[in-house]
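Asker: kindly return the folded structure for what I paste below:
(2 chains, ligands or ions: 3)
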Amino acid sequence: MADGLVHFLASLSLAEWFLFFWPFFFFDFVRYTLLDLVLIPAFLLRRFRERGARAAARTRLYRQLPLVSVIVPGKNEGPHLEKLARSLLEQTYRNIELIVVDDGSDDQTPAIGRRLEAQGLVDLFIRNEVRGGKASAANTALRYAQGEFVVHVDADSHLKNDSIEKIILPFMMDADIGAVGGDVRVANSSASLATRAQAIEYMKSISTGRTVSALLGILRIVAGAHGAFRKDVLDRLGGWDVGPGLDGDLTVKIRKLGLKVTHEPYAVCYTNVPVTFRRLAKQRFRWDRSLIRFRLRKHRDVFRPDANFQLTNFFSFLENTFFNVLLNIRWWVYVTQILIMGHDVIEYILLTNYLLYLVVNFLQFGMSIFLYGNGLRKAELALTPYLFLMPPYMGIFLRVVRTYAYVMEALHRVSYRDQWNPWKVSSISRREDDE
Amino acid sequence: MRHPVYLGHGQPPAGCKTWGQDTLDKNDADSVAFFLVGQETTEVLDQIRHIRGAEAPAIYLKPIVVLTPSASGSPAEQAADAVVEERTPDAPRLERMVDRFHPINQWIASLERNALSADGDPAFRLLRFLVSRGEEVTPVMTTASPEGFTYPTLEPLISQRAQKPSLLETLSFLENQQLVSGRFVTKAHFCSHCGSAFLNFKEVCPDCLSEDIDADELIHHFRCGHVAPQSDFATRDGLTCPKCDRELRHIGVDYDKPSVVFQCNNCHNRFQSPSVVSTCYHCERTVEPEQQTLRRIHAWTPTAIGNSAAVHGMEQLFMRVIDKQLNLWSLDALKQFVEVEKARNERYAKSHTSVAVLQFEHLSEMYIQLGRRAQQVFAELAQVLTSVLRRSDIIAPRGDSTFVLVLPETDEEQAQRALERIDEGISTLLAGNLESPPVLRSSARLLTAELDLDQLVETTVTSHG
Ligand SMILES: [Zn+2]
Ligand SMILES: [Zn+2]
Ligand SMILES: [Zn+2]
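Answerer: Ligands and ions are numbered 1, 2, ... in the order given. I've put the predicted structure just below:
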């Protein structure tokens, strides 16, 4: 096998190399690896140069002490609340209010929330008897938030002790910043093979991926699990809109206001991810299918040159749409091409792809570790042996789920019946779109 | 033959006798079929109270009829047994009323002669009244009494008395004694400090306790996901979403109201669960509602025990408890036994038998003071007797509070010592529990041929009185 592989590779001309492995060389390697290798050191260098400005901003922050409203909307999240509330007590930054909105939970959440409110661990607990969906719960919290900044956090996560300070700092450094995405890392990485794979994926796609996107000015998402916003900006936009992918949607609207969106890799939030591949597939299906709707239907105006048109917005969309939708189609094109042209050497092609992507994974993982610096934990280092799993995980598992989601979305517009939203809310927005 | 008695000014209706109010106690109470009161509304209630406040059961238990040109449901009319909407009812009508009240008068007449003397205890008077009427009394809401509820026919029985205990307290005392039983009607809060039923319940800010708080109903606009207090949506024409500018028309279709949020105008705190406090109108104390007294308000009827206690007096209960523990003999049986003992002692000159008499005075007061603990304390009293007496001793009740004891093989000195131990035991038991413990009277004699038991009892009972 090994001999055969060596023989096969040695026999390839340069043109054949590109013929058989064009997706790797033209897309994945360039977009995700080469850029990382260049831009992560660039980011760290800029960070180093800005250290004086950063220290000054920090001094400003602690002198002005703006109130930060941490909002936690959710349903049946009661059991997680106390841990999250206590992680806020341990923050280096102290001027925080915690607002929890219980969106029609049918478990012990109301009782837990009231208790935490009475204990002073939660500043305001709002119980919505009637479930209204994620956007309305976040908007309820927003209406009662009094802070200058709003940090949206998922209940099923907890914050590192300097996370609030770190996520607010960019606002103090640049008045044009409207939103800051916080880093999301996996809390339960050692739970299963699935969580380990996700932990590696989060490191490269969120920690390094979003840092690079932000540096390029094309960051397209501020995670709902951990994102900070200027309150006045949220008020101007009327908060969150109904529908799946509402985090991405809000980011687009902020960009349309001419404000910057950035990522702060050192504002860390640890979140729990699905433990089984089955549940992971369901989660990703929900996430992925929102893409077509939000990129291509709701915000199609970004493709049209008009008063609102901005080049970076345009590229952000192009990049996103291209790499997600088109590259997904490209993947199937590639699979078809290999089956037709290379069916006699298919095992060598697969093996070569595996090795190429494995190398890339090691490089990307190395970049993440480089980026983390002394914020690196043992748990992250312990993931190294599992890098061997990543090519099939990213290349096959996630691709299949994504393709399925896109097809379903395109054909049936299933996202309008998003399970997260009560039927009444979904049906209204479906009608709206049909008008 | 009983006849109506008119208490009032002017000419009595035909067939009525007229009594002066002051002469209530001096006339022949047995001849009264019912009292007629009337005309002047303001005075009528006073007259009813006067009758119901009389000492003699034959007066205060008597039916009362109010004469009025037009019934208005006044407190006096509610307090009476009947209302006649006429100034001068004719004789046949009065006769029909005499017949109607016959069962009540019959019951009053059936009370034993000695039981017809003065009734001092308000609880007992209430019980007797309830039993004599044989009907359930139902509570009526009132602002005239600080208790908020009254039983109009019972109220005049209590109003003449000192303020404590109140009508409601007296009734619940009777319930504790199992003399009356209640049927649940409603519940009410009372000031835990002064007992007033007039409480003002208010929602307050949980932080600063200010009463100046506003409730905002939240509105959720489905289409755009906007959530804000209703005031944010309110326009002159109705509701318009401040986020998307659309009109909100149908609740449940366009929007809903997921919850309510309060805002404190004093400290600007926002919250969903306001604290609740209650302030007493009477003593002005403010406390949390859980600290006020929550009472069940009942309609009352006498129980079987109550019916019997109303006829025989409340001391009956003491006898029942004693009987259970001591195996009482009847007085007649005891007397026969005494004769046997006399003969036996005569024959065997060496044998001594003693007789003793024990009397508890103020037993009924003790009963009132003890309230619900009475049964238990009585049981302990009986325990004292059993611990001192031997199995061969014989005990029989005489009346409600006197006991006659026969102690075989006991000389007078030993009998005296036994009585002292009983006295001591009972004093220890009651000293801590009661403001005025019953006075225990006792005497013991050696049983001789000449001893007259009845006379011994008589001298013991009256010797101090
Ligand atoms: Zn709206
Ligand atoms: Zn207040
Ligand atoms: Zn009071």
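Asker: what's opposite the residue lying closest to residue B:77 once chain neighbours are set aside in the beta bridge?
Answerer: Closest residue in space to residue B:77, ignoring its immediate chain neighbours: residue B:83 at 4.9 Å, by CB to CB, 6 or more residues apart in numbering or on different chains. For the C-beta atoms, the positions are set from N, CA and C on the backbone; glycine is no exception. Residue B:83 forms beta bridges with residue B:66, as assigned by DSSP bridges.
Asker: count the residues that sit near residue B:83.
Answerer: Counted with other CB atoms under 10 Å in any protein chain shown, the neighbours of residue B:83 add up to 19.
Asker: quick one, what contacts it?
Answerer: By CB atoms under 8 Å, 6 or more residues apart in numbering or on different chains, the contact set of residue B:83 is B:65, B:66, B:68, B:71, B:77.
Asker: quick check: which ranges of chain A have low pLDDT?
Answerer: By pLDDT under 70, the weakly predicted segments of chain A are A:1, A:243-248, A:290-325, A:327, A:410-435.
Asker: just checking, residue B:195 touches residue B:149?
Answerer: No. Look at residue B:195 against residue B:149 with CB atoms under 8 Å: they stay out of range, at 11.8 Å.
Asker: residues in contact with residue B:351?
Answerer: Neighbours of residue B:351 in contact, by CB under 8 Å, 6+ apart: B:344, B:345, B:408, B:409.
Asker: lowest pLDDT pick from the residues you listed?
Answerer: In terms of pLDDT, residue B:345 ranks lowest among these, with 79.
Asker: tell me the backbone dihedrals of residue 133, please.
Answerer: As the question left the chain open, I've gone with chain A. Residue A:133 adopts backbone torsions of phi 100, psi 170, taken as degrees, to the nearest 10.
Asker: residues making contact with stretch A:187-200?
Answerer: With CB under 8 Å, 6+ apart as the criterion, stretch A:187-200 contacts A:157-158, A:185-186, A:270-277, A:280, A:361, A:365, A:379-380, A:382-383, A:386-387, A:389-390, A:393.
Asker: go on, stretch B:203-210?
Answerer: By CB under 8 Å, 6+ apart, stretch B:203-210 touches B:211-213, B:262, B:264-267, B:269, B:271, B:273-277.
Asker: what's the neighbour count on residue B:129?
Answerer: The burial count for residue B:129: 21, using other CB under 10 Å.
Asker: swap that for residue B:388, sorry
Answerer: Neighbours of residue B:388 (other CB under 10 Å): 19.
Asker: show the pLDDT at it.
Answerer: 85.
Asker: filter the contacts of stretch B:203-210 down to just the ones in strands.
Answerer: When DSSP state E defines the strands, the subset of the contacts of stretch B:203-210 inside them is B:213, B:262, B:264, B:271, B:275, B:276, B:277.
Asker: of these, list those near ligand 2.
Answerer: Residues shared between those and the neighbourhood of ligand 2 are residue B:264 [CB under 5 Å from the ion].
Asker: of all the ones in strands among the contacts of stretch B:203-210, which comes closest to ligand 1?
Answerer: residue B:262 (23.9 Å; CB to the ion).
Asker: who does that closest one bridge with?
Answerer: Going by DSSP bridges, residue B:262 forms beta bridges with residue B:215, residue B:271.
Asker: show me which residues of chain B are close to ligand 2?
Answerer: B:205, B:207, B:208, B:210, B:264, B:266, B:267, B:269.
Asker: now the fifth one: closest residue in space that isn't a chain neighbour?
Answerer: Leaving aside its sequence neighbours, residue B:264 sits nearest to residue B:205 (CB to CB, 6+ apart; 3.8 Å).
Asker: report pLDDT for the one you found.
Answerer: pLDDT at residue B:205 comes out at 93.
Asker: now residue B:108
Answerer: For residue B:108, the predicted pLDDT is 87.
Asker: burial count for it?
Answerer: 23.
Asker: wait, it sits on residue B:57?
Answerer: Yes. Residue B:108 is within contact range of residue B:57, at 6.3 Å (criterion: CB under 8 Å).
Asker: tell me what the host helix or strand of residue B:174 is packed against?
Answerer: Assessed by DSSP states H and E, residue B:174 sits inside helix B:167-176. The elements that helix B:167-176 packs onto, with contact taken as 3 or more CB pairs under 8 Å, 6 or more residues apart in numbering or on different chains; DSSP states H and E, are helix B:122-133, helix B:155-159, strand B:180-190, strand B:293-302.
Asker: low pLDDT regions in the stretch 301-450 of chain B?
Answerer: B:312-321, B:324, B:362-375, B:400, B:432-438.
Asker: hang on, the earlier thing: ranking the helices and strands packed on helix B:167-176 by mean pLDDT, which is last?
Answerer: Averaging pLDDT over each of the helices and strands packed on helix B:167-176 puts helix B:155-159 lowest, since it has a mean of 82.
Asker: report the distance from that one to the chain centre.
Answerer: 11 Å (CA atoms, centre = their mean, to the nearest Å).
Asker: give me the residues contacting that helix.
Answerer: Contacts of helix B:155-159 (CB under 8 Å, 6+ apart): B:45, B:48-49, B:51-53, B:60, B:75, B:79, B:122, B:125-126, B:129, B:145, B:166-167, B:170.
Asker: can you give me the strands for the stretch 201-350 of chain B?
Answerer: In the stretch 201-350 of chain B, the strands defined using DSSP state E, counting those that start in this stretch lie at B:213-221, B:227-229, B:234-235, B:238-240, B:247-248, B:255-256, B:260-264, B:270-271, B:275-280, B:286-287, B:293-302.
Asker: likewise chain A?
Answerer: Using DSSP E, strands in chain A cover A:68-74, A:96-103, A:124-128, A:149-153, A:157-159, A:177-186, A:226-230, A:260-271.
Asker: what about the fourth one and chain B, touching?
Answerer: Spelled out, it's strand A:149-153. No. Legend: contact between strand A:149-153 and chain B by CB under 8 Å from any CB of the partner chain is lacking; minimum distance shown is 14.0 Å.
Asker: get me the contact residues on chain B for chain A.
Answerer: B:218, B:220, B:222-229, B:232, B:242-244, B:252-254, B:256-259, B:261, B:270-273.
Asker: just the buried ones from these?
Answerer: Buried residues within the residues of chain B next to chain A, defined by neighbour count using 16 or more other CB atoms under 10 Å in any protein chain shown: B:218, B:220, B:222-229, B:232, B:243, B:254, B:256, B:258-259, B:261, B:270-272.
Asker: filter the residues you listed by proximity to ligand 3?
Answerer: Counting by CB under 5 Å from the ion, no member of those is near ligand 3.
Asker: I appreciate the help and will end here.
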